[in-house]
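Trainee: Give me a 3D structure for the following:
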Amino acid sequence: MTGRNANVLYEVGLSHAVDKPVIMITQTMDDIPFDLRAIRCIVYSTNRPRWDANLRRSISNTIKSVMNDKNRVPILAISERYSSKAEEEEARDAAAAAQRAVAAFMLRSMSPAALHHLRSLRDRTNPRTAHIFIPEDNNTGLCGELNHLKTLGYIQFTGHSNIHGVENLPRDNQSYGILYDAIEVTETGREFLELHDKLV
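Mentor: Numbers count the residues shown, from 1 in each chain. Okay, here's the model as predicted:
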């Protein structure tokens with residue numbers, strides 16, 4: 001979380017929305033947004049002796065704790081903050097509502113065209129020989145949508161045929177086979193589509 005990288009914050013929100021455990025680490029709590037500070041976070045300093053070994057140990061212990069917690073509550077460590085059953089149930093409902101709100105926000109942030117391309121790349125719905133137009137400008141049309149999906153971490157370029165990014169794609173009228181060979185949908189992208197299918 002150090003540096004408040006926008007992509008990292010987005011991925012944390014996505015993970016919470018699909019109820020995936022997240023282990024946040026940071027060099028300073030100042031980089032943790034106020035609405036995430038109720039969640040356990042590992043703070044480390046590279047100025048301390050053996051900081052790397054201590055950090056690995058902390059992460060390992062936290063993973064074991066999460067994996068062994070049969071009563072894990074989504075997002076918030078509610079049992080540590082509330083004593084009564086009524087307050088715990090209220091907090092559970094609030095956490096679930098927060099998850100739905102985050103999910104709805106993420107779905108609204110995806111343009112219909114980008115969603116179409118993401119689904120097409122996952123399902124290979126178009127024949128390899130079907131034609132698609134690839135514009136010259138790397139930031140408009142199909143190229144702009146692919147760049148957006150790559151920034152979100154939903155797709156990655158495989159490097160096939162020396163195509164390592166949008167800028168290396170051939171232009172004008174091409175076949176979908178070019179995209180299928182050069183691009184694959186990441187696990188994060190697949191989870192996003194699964195979430196979309198559940199909520200829409």
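Trainee: Mind picking out the helix or strand in the protein with the poorest mean pLDDT?
Mentor: helix 85-108 (a mean of 68; mean pLDDT, DSSP states H and E).
Trainee: Which SSE is immediately downstream of that helix?
Mentor: Tracing the chain C-terminally past helix 85-108 and defining elements by DSSP states H and E, one meets helix 112-123 next.
Trainee: Show me what that following helix packs onto, helices and strands only.
Mentor: Using 3 or more CB pairs under 8 Å, 6 or more residues apart in numbering; DSSP states H and E, the elements in contact with helix 112-123 are helix 141-152, helix 176-182, strand 183-185, helix 187-199. Any C-beta I mention is one placed from the backbone N, CA and C, and that applies to glycine too.
Trainee: now with 10 Å?
Mentor: Counting by 3 or more CB pairs under 10 Å, 6 or more residues apart in numbering; DSSP states H and E, the packing neighbours recorded for helix 112-123 are helix 141-152, strand 155-157, helix 176-182, strand 183-185, helix 187-199.
Trainee: how does this protein divide up, domain by domain?
Mentor: 6-108, 112-199 (automatic domain parsing).
Trainee: before we move on, back to that, can you redo the helices and strands packed on helix 112-123 as CSV with distance to residue 49, mean neighbour count and mean pLDDT?
Mentor: As requested, these are exported to CSV (distance: least, CB to CB, whole Å; neighbours: other CB atoms under 10 Å; pLDDT from 0 to 100):
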stretch, distance to residue 49, mean neighbour count, mean pLDDT
helix 141-152, 38, 19, 87
strand 155-157, 37, 19, 92
helix 176-182, 46, 18, 92
strand 183-185, 42, 18, 94
helix 187-199, 36, 15, 81
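Trainee: ok, residue 148 touching residue 117?
Mentor: Yes. Using CB atoms under 10 Å, residue 148 is in contact with residue 117, at 9.4 Å.
Trainee: what do those two both touch?
Mentor: 111, 154, 155 (CB atoms under 10 Å, 6 or more residues apart in numbering).
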